[in-house]
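*Asks:* attaching a predicted model along with its sequence, questions to come.
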Amino acid sequence: NFVYHELMNVYLEFGFVSDSIQCFRLIRKHGIAMPFRQCARLFDHLLKNRTPEMALGFYLEILDHGYPPNVYDFNIMMHMFCKEGKIKDARLVFEEIRKRGLKPSVVSFNTLINGCCRVGEVEECFRLKEEMDKEKILPDAYTYNALIKGLCKDGRLEDADRLLDEMWERGLVPNNIIYTSLINGHCKHGRVELGLEMYGQMLKKGLRPDLFTYNTLVYGLCKKGDIQQANKLVEEMACR
RNA sequence: UACUCGUGC
């Protein structure tokens, strides 16, 4: 019994992760209970060093073993799948949250919305936003940023602007990140003037544009060939 | 306590 647990730890120490998993299975087969901390340790290891597929596979095994499911764990795996563009898998993990009797959190939604917008599935993003409404989960700045990025990418800049207004209406304060996403959208679609306009709005609202914001605008101006204006902006930046 | 967001290189 203890021998198994020790063996599992030793395998893990030396990076023989799959051996460690085999060990876990062996322990179970013998009907010996594996402490949850031990499960968590191995699972963490898979999250950090292995694929989301592997982590998920193992996670389902330990859930089966009685390990208490938690939303954070699912969120992390969703995020890993999204980073690899495997939205389909991210979705499956998302659905698994409810199957296990938990409720997706605002982070769960944000992660999935962000993943969908990354691959250009804007409609899906908004479907999810409606789902949030139904579940009484309030969209936050992360949610709006993902939606705005999705719309920009899709060339729907006017809709993106409208979402920014919606934020103010709902009492949410758009931050630098949101503004920079929007400014970037305008610049990337050849409308640097609109980007500069948003920049002006930031100042008026009392926000302090940061390096990301300035880089975005300066890059846009340079690409357009307006070196004058770019220089002006750099000076302005230096004064702040 | 731990999970999600923006520019360039």
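*Replies:* Great, that's in hand.

*Asks:* how about the residues of chain A by RNA strand B?
*Replies:* For chain A, the contact set with RNA strand B under C-beta under 7 Å from any atom of the strand comprises A:70-72, A:75-76, A:79, A:105-108, A:110-111, A:114, A:140-142, A:145-146, A:149, A:175-181, A:184, A:210-213, A:215-216, A:219. In short, each C-beta sits where N, CA and C put it, glycine included.

*Asks:* try 6 Å this time
*Replies:* A:70, A:72, A:75-76, A:79, A:105, A:107, A:110-111, A:114, A:141-142, A:145, A:149, A:176-177, A:180-181, A:184, A:210, A:212-213, A:215-216, A:219 (C-beta under 6 Å from any atom of the strand).

*Asks:* so the residue minimising distance to the centre of chain A, which state does it fall into?
*Replies:* The centroid of chain A falls nearest to A:T111 when counting by C-alpha atoms, centre = their mean (3.8 Å). Three-state call for A:T111 (DSSP: H, G, I helix; E, B strand; the rest coil): helix.

*Asks:* name the helices or strands packed onto the lowest-mean-pLDDT helix or strand in chain A?
*Replies:* Least confident helix or strand of chain A, by mean pLDDT, DSSP states H and E, is helix A:2-13 with a mean of 77. Judged by 3 or more C-beta pairs under 8 Å, 6 or more residues apart in numbering; DSSP states H and E, the packing partners of helix A:2-13 are helix A:17-29, helix A:36-49.

*Asks:* dump the ones you listed into JSON lines; add distance to A:V10 as well.
*Replies:* As requested, the helices and strands packed on helix A:2-13 are exported to JSON lines (distance: least, C-beta to C-beta, whole Å):
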{"stretch": "helix A:17-29", "distance to A:V10": "9"}
{"stretch": "helix A:36-49", "distance to A:V10": "13"}
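
*Asks:* okay, those in CSV with mean pLDDT and mean neighbour count next?
*Replies:* CSV is the format used below for the helices and strands packed on helix A:2-13 (pLDDT from 0 to 100; neighbours: other C-beta atoms under 10 Å):
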stretch, mean pLDDT, mean neighbour count
helix A:17-29, 86, 17
helix A:36-49, 94, 16
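
*Asks:* list the contacts of the closest residue to A:H30 other than its chain neighbours.
*Replies:* Spatially, and ignoring its direct neighbours in sequence, A:H30 is nearest to A:Y4 (7.9 Å; C-beta to C-beta, 6 or more residues apart in numbering). For A:Y4, the contact set (C-beta atoms under 8 Å, 6 or more residues apart in numbering) comprises A:23, A:26-27, A:30, A:32.
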